[in-house]
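[1] fold the following, please.
(3 chains)
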Amino acid sequence: MAHSDVPEPAESPASEQLELIRTELRRAKARPKPKPMAEGLPVARVVVDKGLSHLDQYFDYAVPARLDEAAQPGVRVRVRFGGRVVKGQGRREGGKLVDGFVVERLAASDFAGPLAPLAQVLSPERVLSPELLRLCRAVADRYAGTLADVLQLAVPPKHNKPESEPKPGTPADVAAPEPGGWTRYADGPSYLRALADGESPRAAWTALPGPGWPDELARAVVAALASGRGALVVLPDGRAVARVDAALDALLGPGRHVALTAELGAEERYRRWLAVSRGAVRAVVGTRAAMFAPVTDLGLLAIWDDGDSSHSEPHAPQPHARDVLLLRAAEAGAAALVGGFAVTVEAAQLLRTGWARPLAAGREEVRRAAPLVRTVGDHDQAGDVAALAARLPSLAWRVARDALAHGPVLVQVPRRGYVPRLACGRCREQARCAHCAGPLEAPDASGPLVCTWCGRPEADWHCRECGSFKLRAQVFGARRTADELGRAFPSVPVRTSGRDGVLVTVSGAPALVVATPGAEPVAEGGYAAALLLDAWVLLGRPDLRAGEEALRRWLSASALVRGAAEGGTVAIVAEPSLRPVQALVRWDPAGYAGMELAERAELGFPPVSRMAAVSGAPAAVQDLLDLARLPEGTDLLGPVAVPVPRGEDRVDRMLLRVAPGRGAALATALKAAQAARLARGKSDPVRVRIDPPDIG
DNA sequence: AGCACGCCGACT
DNA sequence: GTCGGCGTGCTC
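    Numbers count the residues shown, from 1 in each chain, chains lettered A, B, ... in the order given. Alright, predicted model coming up:
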């Protein structure tokens, strides 16, 4: 229709019409003119994403006719929020402009009051697709957080330039890849084939040591692309992303995949994100934030080294990349690949429940690829001044000296600054609370031991393993390793890689490379040997995952060493009878994870049980828990005062523990309690953390 | 979170 | 009589 749809007395004389217009004009001067509203679907349901993150609900707005076309579901809008209705008229004024997204267009609102109009459509780009919205909603629920918080993580800030650039075409077909290094795994080729055939196999992948894994991940991505679907790989750091990106370049050529990392800068990152959102690119490799990348028609979600702490998002509601990817895999019916040199307890649980299948190499392959691991007992080098003589026993020294004839030697030293906790002075078992099995600490040197979970004092501790009454504080300071080694091997160059100044690669020439865990450079041709020093420091970390984490770090370093067949050797200075040390010697990360899982199940630890941490001002925490209708059988541990900077108010932490399968109920209950508290105007915040990663 | 409305003490 | 304390409730 050419003219307006508004019914209009077509037969009325022109003079009458003119009079009507004049009256209208007069009225318009008396009050602001009512703007015409969209006719088809005049209501826009909006999620507001800034400033009111506690308000986890949608708000309906009227769509002005001029925004009818632009205000499609998924676009960014600006709305007035918090204004007041002017008495007598159905009009409102004031209010703050806030950003949000149109979630849906409706014929009518169920809100009784007058609707405010959308103020602005920021761009016609539909950045919040229905799938992305569903994902964000699910993540918010799982973590007892708000949709707005998750949206902040999932949708990057707008940049004009990339949006105005021409849209590239749709991606071309991709051929199924050769299996490459996957032939080393019993079920590797069939896994790839299934992916390429459009199936959705889910696997926990125990990667063989060595440099093959980036190419193997890339081949899995290519297989998913070959099925006409998209793929997303999340890795712990930019270095790892660069390696998989390079492998994809080699297999696919440029333009068919993007890397999403923080170091790109906001605009370039948004450009690439848009290419993904628009469906122009369907393969993404990236760091943590890429877990939300809006890949269309997902075929594969993969995560590498899921035990790395950088997969845990620090911003509310602190989702973990592995969980988000698994959620997406389940929702999209896509394949999942959880891989690493180590196997996390969570991955073991996926295997245990049958959700994922193991993807692992046979023993011969492992023996070929893994270095020979030799242990050196650490008997008498407690926490006193670390002299090289004590830290580098003669075996380790000989290993280094012999290997230096054939190439570089990696020396892994723990990072400084771990909190001192307590362990048995004889067998090194961590000192745990007799009541709840939380880790003990000594708040002051002479006072009683106190549980960091439930706060109970422990008057007469003795070791559960060996019965000893002797404790030792696990305090350590390691700094001069490089200097000491330089003096011990004066003719060999010593290089360091750590928090400040990470080396990406080193050449194959003989050198000592001293690195902290996670910062180990890749050596050309592999290291001839690695020394893992002061292993007891990693094992003594005040963390439920100390053993798992120690093993993960040793495996990561050892995986950079040549295989035993090429003379690769690892010397670890640690008590050889300890379980993680044995797992390293046998190169059996899956076996270790399985045992650890069984033990956690028995002791009621996560991830078998699910936990939540609730922290804030003591009264606020209590208040929230009073309001919460917790699932039946919830264990309440604590409260415990968490350490805060001097002069700040006391913060309590309460740990809640529920039986397997009750995690969702726990999150729901805590979320409802948060909402109830806010509704009562209680504004001192209580932080709720689902699956806290750092529970002593 | 802001920002209003609302119902009780010391001021011109 | 009024100005203003911040308790409580709402925001499409």
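[2] how far away is the residue in the stretch 201-350 of chain A that DNA strand B sits nearest to from A:T481?
    Closest to DNA strand B within the stretch 201-350 of chain A is A:A316: 13.1 Å, counting by Cβ to the nearest atom of the strand. No exception for glycine: its C-beta is placed from N, CA and C like everyone else's. Using Cβ to Cβ, to the nearest Å, A:A316 is found at 38 Å from A:T481.
[3] those two - which one has more neighbours?
    Applying other Cβ atoms under 10 Å to A:A316 and A:T481 shows that A:T481 carries more neighbours, namely 24 against 20.
[4] wait, the more buried one touches A:A515, no?
    No: if you go by Cβ atoms under 8 Å, A:T481 and A:A515 don't touch, sitting 10.1 Å apart.
[5] any common contacting residues for these two?
    A:411, A:413 (Cβ atoms under 8 Å, 6 or more residues apart in numbering).
[6] ok, and the closest non-adjacent residue to the residue in the stretch 351-500 of chain A that DNA strand B sits nearest to?
    Nearest to DNA strand B, among the residues of the stretch 351-500 of chain A, is A:G455, at 27.8 Å (Cβ to the nearest atom of the strand). Counting by Cβ to Cβ, 6 or more residues apart in numbering, A:V640 is the residue found nearest to A:G455 once chain neighbours are left out, at 4.6 Å.
[7] what's around the one you found, how many residues?
    Count around A:V640 with other Cβ under 10 Å applied: 21.
[8] what's the spacing between the helix or strand harbouring A:R271 and its chain's center?
    Using DSSP states H and E, A:R271 sits in helix A:266-277. Centre-to-centre, helix A:266-277 and its host chain are 20 Å apart (Cα atoms, centre = their mean, to the nearest Å).
[9] and the nearest residue to A:P36 once chain neighbours are set aside, how close does it get to A:R80?
    Spatial nearest neighbour of A:P36, excluding adjacent residues (Cβ to Cβ, 6+ apart): A:A65 at 4.2 Å. Distance of A:A65 to A:R80, given as Cβ to Cβ: 18 Å.
[10] what's near enough to touch the nearest residue to A:V174 once chain neighbours are set aside?
    Nearest residue to A:V174, sequence neighbours excluded (Cβ to Cβ, 6+ apart): A:L225, at 4.1 Å. Residues in contact with A:L225 (Cβ under 8 Å, 6+ apart) are A:171, A:174, A:231, A:252, A:256, A:282-283, A:299.
[11] please redo it, this time with the cut-off set to 7 Å
    By Cβ atoms under 7 Å, 6 or more residues apart in numbering, the contact set of A:L225 is A:174, A:231, A:282-283.
[12] save those residues as CSV, and put in distance to A:L560 and secondary structure too.
    CSV is the format used below for the contacts of A:L225 (distance: Cβ to Cβ, whole Å; DSSP: H, G, I helix; E, B strand; the rest coil):
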residue, distance to A:L560, secondary structure
A:V174, 31, coil
A:A231, 26, strand
A:R282, 32, coil
A:A283, 27, strand
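[13] could you rank the residues you listed by neighbour count and give me the top one?
    In those, the most neighbours by other Cβ under 10 Å go to A:A231, 29 neighbours.
[14] of all of the stretch 201-350 of chain A, which residue lies closest to DNA strand C?
    Closest to DNA strand C within the stretch 201-350 of chain A is A:A316: 18.4 Å, counting by Cβ to the nearest atom of the strand.
[15] next, give phi and psi for that residue.
    Note on A:A316: its backbone torsions stand at phi -60, psi 140 [degrees, to the nearest 10].
[16] quick check: closest non-adjacent residue to it.
    Nearest residue to A:A316, sequence neighbours excluded (Cβ to Cβ, 6+ apart): A:D149, at 4.7 Å.
[17] got it, and A:P493?
    A:A511 (4.7 Å).
[18] number of residues surrounding the closest residue to DNA strand B within chain A?
    As assessed by Cβ to the nearest atom of the strand, DNA strand B sits closest to A:S683 within chain A, at 2.9 Å. Neighbourhood size, A:S683 [other Cβ under 10 Å]: 9.
[19] would you say it is within a strand?
    No: under DSSP: H, G, I helix; E, B strand; the rest coil, A:S683 sits outside any strand and is assigned coil.
[20] dump the residue contacts of it.
    Counting by Cβ under 7 Å, 6+ apart, A:S683 touches no other residue.
[21] same check, this time on the one 4 residues further on
    Shown here is A:R687, whose contacts under the criterion Cβ under 7 Å, 6+ apart are A:615-616.
[22] what's the answer for A:S310, then?
    With the criterion set at Cβ under 7 Å, 6+ apart, A:S310 makes contact with A:236-237, A:288.
[23] by neighbours, which of those wins?
    Counting neighbours by other Cβ under 10 Å, A:R288 leads the contacts of A:S310 with 25 neighbours.
[24] look at it and report its pLDDT.
    Listed pLDDT for A:R288 reads 98.
[25] ok, for it, nearest residue in space, not its chain neighbours?
    Distances taken as Cβ to Cβ, 6+ apart place A:A321 nearest to A:R288, at 5.3 Å, with adjacent residues excluded.
[26] that neighbour contacts A:T287, correct?
    No: counting by Cβ atoms under 7 Å, A:A321 stays clear of A:T287, with 8.7 Å between them.
[27] list the residues that contact both of these two?
    A:V234.
[28] looking at those two, which is more packed in?
    The neighbour count for A:A321 versus A:T287, taken as other Cβ under 10 Å, is higher for A:A321 (26 against 22).
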